[in-house]
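1. Could you look at this predicted model? Sequence included:
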Amino acid sequence: MSRPALAVAAPPRVHEQLRLGVEGPVRVLHRGAHAIYVEVGEHCVGVVSATAVAVPCAMRLATPDLAGLRGDAAHVYDGVLHLDGVALRIGRLLDVRVPSLVEQSSVVEQSSVVEQSSVVEQLSVVELVETIGAGPGLTPEADDVLCGWLAWHRAAGVVTPHLDAAVLASRHRTTVLSATLLECAVLGEVVPQFAAYVTAIGSSHESARARDLSRIGATSGAALLRGARLARAHLVSDRRHAA
C-alpha cells in the first residue's frame, strides 16, 4: 500500500528543476537524520526537516524529522520527487533571495557599483576560484567562504560576471551539493541565517545574527560569515579609494 503524499515548501528554481528535469530514477547523494540530498540533472536537490539547515536548493518539510523517509530510493515522475515511494508535492514557494543592501550607503555606495565591479573581479577571481573544492565534507570550507563572498556582492548590487563564469566553470572540482550552492550564491540565493544577517547590518541585532549564522554546521556558517565580511571590507575599501 502506497503512503500518502507529503506537502513541502520549495524555492522556485527547485520547482522548475523538477518540472523540467528528465523523469526516472535519480541518485541519492547523502542520507542523514534530518536531510536527504539527491541529484537531479547536474544539480543537488535537498529534502530537509524543519530542524535542518534550510539550504536554498532544498524542499522543506514542516516536521522536525524526515517523517519516516530514509532515502533508499528516489525517482522523479511528472515533475514530482518521490522518496521511498512517497510523493513530495510542493504546495508553497519560498523566497530565498538575499536582501538588498543597495540603499545602505554606509555599506556600499550605489553610485560606485560599476567601477567597484571590475576592481573586485581583478583581485578575487584567481585566488577565490582556485580554492573551489578545497577541504573535506559535503560543502568544503573554501566553497562556503566563496558563497559568502558572492552572496554579499549580490546583496550589495555589485555585478561580478567574470567571477561568476569562472565559478560555474569550476563546479566539477567540488561536490554536487557544494557546486549547487555556489550556483545559488551566484544568483543571490542564501540560507535564512545569511538573509537575517544582511537584514541586521548596521542595527543593534547585527552581532546576534552573525552568531546565528556562524553556528550553522561544523564550519559552514563560520565560513559563510567570513566570506561576507571579507567582501564587505573589500567593497568599503574600494569605495574609499574611489572617493
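-> Everything's here; your move. Numbers count the residues shown, from 1 in each chain.
2. C-alpha from now on. contacts and neighbour counts both.
-> Fine.
3. Got phi/psi on residue 19?
-> Dihedral angles of residue 19 (phi, psi; degrees, to the nearest 10) stand at phi -70, psi -40.
4. do you know how far the closest residue to it other than its chain neighbours is from residue 228?
-> Spatial nearest neighbour of residue 19, chain neighbours left out: residue 79 (3.9 Å); criterion: CA to CA, 6 or more residues apart in numbering. Distance from residue 79 to residue 228, counting by CA to CA, to the nearest Å: 35 Å.
5. Looking at these two, which is more packed in?
-> residue 228 (25 against 18; other CA atoms under 10 Å).
6. you'd agree that one is up against residue 155?
-> No. Residue 228 is beyond contact range of residue 155, at 10.0 Å (criterion: CA atoms under 8 Å).
7. Which strand runs longest in this protein?
-> Longest strand in the chain, counting residues (DSSP state E): strand 86-93.
8. other SSEs contacting that strand?
-> Where contact means 3 or more CA pairs under 8 Å, 6 or more residues apart in numbering; DSSP states H and E, strand 86-93 is packed against strand 6-10, strand 80-83.
9. want to throw these into JSON lines with mean neighbour count and mean pLDDT?
-> Shown next, in JSON lines, are the helices and strands packed on strand 86-93 (neighbours: other CA atoms under 10 Å; pLDDT from 0 to 100):
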{"stretch": "strand 6-10", "mean neighbour count": "19", "mean pLDDT": "97"}
{"stretch": "strand 80-83", "mean neighbour count": "22", "mean pLDDT": "97"}
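10. With distance to residue 32 added, can I get those strands in TSV?
-> Conversion of the helices and strands packed on strand 86-93 to TSV gives the following (distance: least, CA to CA, whole Å):
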stretch	distance to residue 32
strand 6-10	18
strand 80-83	14
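11. mind checking how far the residue nearest to residue 19 is from residue 45?
-> Taken as CA to CA, the span from residue 79 to residue 45 is 13 Å.
12. need the helix or strand of the chain with the lowest average pLDDT.
-> Here the helix or strand of the chain ranked lowest by mean pLDDT, DSSP states H and E is helix 113-129, holding a mean of 51.
13. helix or strand right after it?
-> The helix or strand immediately downstream of helix 113-129 is helix 141-156, counting by DSSP states H and E.
14. helices or strands up against that following helix?
-> By 3+ CA pairs under 8 Å, 6+ apart, helix 141-156 packs against helix 176-186, helix 220-242.
15. Residue 81 pairs with what?
-> Residues in a beta bridge with residue 81, per DSSP bridges, are residue 76, residue 88.
16. That one: what's it in contact with?
-> 18, 74-75, 87-89 (CA atoms under 8 Å, 6 or more residues apart in numbering).
17. do the same with residue 69
-> Going by CA under 8 Å, 6+ apart, residue 69 touches 83-84.
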